[in-house]
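[1] Just to be clear, the model below is a prediction. Sequence and coordinates:
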Amino acid sequence: MAISTIIYNLGIRGYKAGVALAAATGNIKARKWLEGRRDWRALLKKHLPDAGPIVWVHAASLGEFEQGRPVLEAIREEYPHCKVLLTFFSPSGYEVRKDYPGADYVCYLPLDTRQNARDFTRIVKPTLAIFIKYEFWYHMLTSLYREKVPVLLISGIFRPGQAFFKPYGGMFRKLLQQFSYIFVQNKESVSLLEQADIKHVALAGDTRFDRVWALQEEERSLPGIPEFIGTQHAIIAGSTWETDEALLAAWWKKQHIDGRCLIIAPHEIDPAHIHKLVALFPEAIRYTEWIKNEHKQPGRVLLIDNVGMLSALYRYATVTYVGGGFGKDGIHNILEPATYGKPVLFGPVFHKFPEAAALIAAGGGISIHDLGTFDAQVGKLLQDGTARLQTGALAKNYVAENKGATGKILQYIQEKRFLTRL
């Protein structure tokens, strides 16, 4: 066994030990991570469909699922005889989409050990496997390759600092060779892969554009939101973290102008975090309480304390703010508000997200650095309706110009006849 494989296996065992320790000390997500993988072999055998080719789609979490969802749903429509297995690595994806009707079965991906991968592949017997964006599990991909299962990576994105392009990255480059085809988001990724002698790659774009474009075409309404906003300008902040919320609280304390309201959909909605938000915004009301109110008058601050609303919530905004841009991992999904034609503000940490720089260049996105720049930009957009509408229109146009990746991926699947029609 190669030294790199030994190190990888030790890392996997160490990860499991860390999750177990976190679960033992009360971490809810860690406990769900462990519990969700219990008896996975028996559950797969019990719930997998008895007949029909199986397309296995894997997403790390909720964001990656939404990214790959257009491809999954296009396959369901084009090949209705096929069954779909959807797996997640993270509880934040599984817990939200465990009842997703577009899949025949939804479960966790088992820990990536050699035995687990071998058993999973042989139980599922997928006709086609699709990994979304950046999931590179060594044993799982190796097992699929040995079983001659075609595997696609979609909406992939690569950066020079990744292990694939380091002198010690031979094991990871080998994994890329095992994909049947790799569809990437940008030209830089194509160039990096070709320099690493990975030739089976194509620039398809980002399937998220197809997903978010479909969102704005839906007529989904959210109970209580129009009543809360009334005729006010709504500043809607999504996927916020504590740093974002502290900035918003400092800004809101200065707002003594009628006709404005603030709606916050935090990234974490556990009771402890919602309690902190209530302390930051004493006048706030929780959404689950607001919708019980039969005599609704426009409100001032609303805290969204459930999941699944954000992508539709942005439709009601005057100005949007997307959180995560003050943390080490960077911003969350800026395309969702952009597709509705809303100006999109976010923090300074976005270097891992090429769509952010592109949205700024297109004129639909604005990066803020502190309270002062946030206050100035929001103030300008609220006071200057022409500038606000123009910024929103440019944001929507950026999404419109970049959709179409799903069609390119589906065309490849059709040409290779991976999924024979009945």
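    Thanks, I have the structure now.
[2] In the longest helix along the chain, which residues are buried?
    Secondary structure of the chain per DSSP state H: the longest helix is helix 3-24. Neighbour-count burial for helix 3-24, with 16 or more other CB atoms under 10 Å as criterion, is recorded at 8-9, 12, 19, 22-23. For glycine as for every other residue, the C-beta is placed from the backbone atoms N, C-alpha and C.
[3] Tell me where the model's unsure across the stretch 151-300 of the chain.
    Where the stretch 151-300 of the chain drops to pLDDT under 70, the residues are 295.
[4] mind listing the helices for it?
    For the stretch 151-300 of the chain, the helices defined by DSSP state H, counting those that start in this stretch cover 170-178, 187-195, 208-217, 225-229, 242-252, 271-280, 287-290.
[5] And the ones you listed: which comes nearest R159?
    For R159, the closest of those is helix 187-195, at 7.6 Å, according to CB to CB.
[6] Which positions within that closest one qualify as buried?
    For helix 187-195, by 16+ other CB under 10 Å, it's 189-190, 192-193.
[7] ok, now which ones touch D329?
    For D329, the residues meeting the contact criterion (CB atoms under 8 Å, 6 or more residues apart in numbering) are 349, 352.
[8] any idea how far it lies from G347?
    D329 sits 11 Å away from G347 when distances are taken as CB to CB, to the nearest Å.
[9] got it, and L86?
    31 Å.
[10] ok, now how distant is the spatially closest residue to R114 that is not a sequence neighbour from G18?
    With CB to CB, 6 or more residues apart in numbering as the criterion, R114 has its nearest non-adjacent residue at 4.9 Å, and that residue is H139. For H139, the distance to G18 (CB to CB) stands at 19 Å.
[11] One more: Q377?
    40 Å.
[12] Check R97 too.
    25 Å.
[13] swap in G392?
    In this structure, G392 and G18 are separated by 43 Å, where distance is defined by CB to CB.
[14] next one: G63
    Plainly put, G63 is 22 Å away from G18 if you go by CB to CB.
[15] hmm, back to that, helix or strand for the residue nearest to R114, which one?
    helix 138-146 (DSSP states H and E).
[16] and for that helix, what are the contacting residues?
    Contact partners of helix 138-146, identified using CB under 8 Å, 6+ apart, comprise 5, 8, 109, 112-114, 116-118, 120-121, 126, 129, 151, 171, 175, 178-179.
[17] that's a helix at R41, yeah?
    Yes: according to DSSP: H, G, I helix; E, B strand; the rest coil, the state of R41 is that of a helix.
[18] can you pull the contacts of it?
    The neighbourhood of R41, defined by CB under 8 Å, 6+ apart, consists of 119, 123.
[19] and what of G364?
    Under the criterion of CB under 8 Å, 6+ apart, the neighbours of G364 are 338, 343-344, 391-398.
[20] which non-adjacent residue is nearest it?
    Using CB to CB, 6+ apart and skipping residues adjacent in sequence, the residue nearest G364 is A395, 2.8 Å away.
[21] what residues are up against the residue nearest to the spatial centre of the chain?
    In the chain, the residue lying closest to the centroid (CA atoms, centre = their mean) is G63, at 1.0 Å. Residues touching G63, when contacts are defined by CB under 8 Å, 6+ apart, comprise 93, 332-333.
[22] Is it possible to mark the buried ones in these?
    In the contacts of G63, burial by neighbour count holds for 93, 332-333, counting by 16+ other CB under 10 Å.
[23] Name the nearest of those relative to G156.
    Sorting the buried ones among the contacts of G63 by how near they are to G156, with CB to CB, puts N333 at the top with 17.3 Å.
[24] Next up, the contacts around that closest one.
    N333 makes contact with 63, 66, 208, 212, 238-239, 322 under the criterion CB under 8 Å, 6+ apart.
[25] any idea whether P49 is helix, strand or coil?
    Recorded secondary structure, P49: coil (three-state DSSP).
[26] Can you pull the phi/psi pair for the closest residue to it other than its chain neighbours?
    Nearest in space to P49, with sequence neighbours left out and distances taken as CB to CB, 6+ apart, is K83 at 4.2 Å. Taking degrees, to the nearest 10, you get phi -100, psi 150 for the backbone angles of K83.
[27] Name whatever forms a beta bridge with K83.
    Residues found in beta-bridge contact with K83 (criterion: DSSP bridges) are I54.
[28] Give me the local confidence score for it.
    Note on K83: pLDDT of 95.
[29] residues near it, how many?
    20 (other CB atoms under 10 Å).
[30] Next up, the contacts around it.
    The neighbourhood of K83, defined by CB under 8 Å, 6+ apart, consists of 48-49, 52-55, 104.
[31] Domains in this structure, by residue range?
    For the chain, automatic domain parsing gives the domain ranges 36-205+404-416, 221-402.
[32] for those, which one sits closest to A30?
    Ranked by CB to CB, the member of those that lies closest to A30 is domain 36-205+404-416, at 8.5 Å.
[33] related to what we said a few turns ago, which of the contacts of G63 fall in helices?
    Residues of the contacts of G63 located in helices (DSSP H): G93.
[34] residue boundaries of the strands in the stretch 201-350 of the chain?
    With strands called from DSSP state E, counting those that start in this stretch, the stretch 201-350 of the chain shows them at 201-203, 233-240, 260-266, 285-286, 301-303, 319-322, 344-346.
[35] Model confidence for R421, exactly?
    58.
[36] will you turn the contacts of G63 into a markdown table that also has distance to F164 and pLDDT?
    Converted to a markdown table, these look like this (distance: CB to CB, whole Å; pLDDT from 0 to 100):
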| residue | distance to F164 | pLDDT |
| --- | --- | --- |
| G93 | 24 | 91 |
| H332 | 25 | 93 |
| N333 | 25 | 93 |
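[37] Throw the contacts of G63 into CSV and include distance to L382, thanks.
    CSV is the format used below for the contacts of G63 (distance: CB to CB, whole Å):
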residue, distance to L382
G93, 35
H332, 23
N333, 23
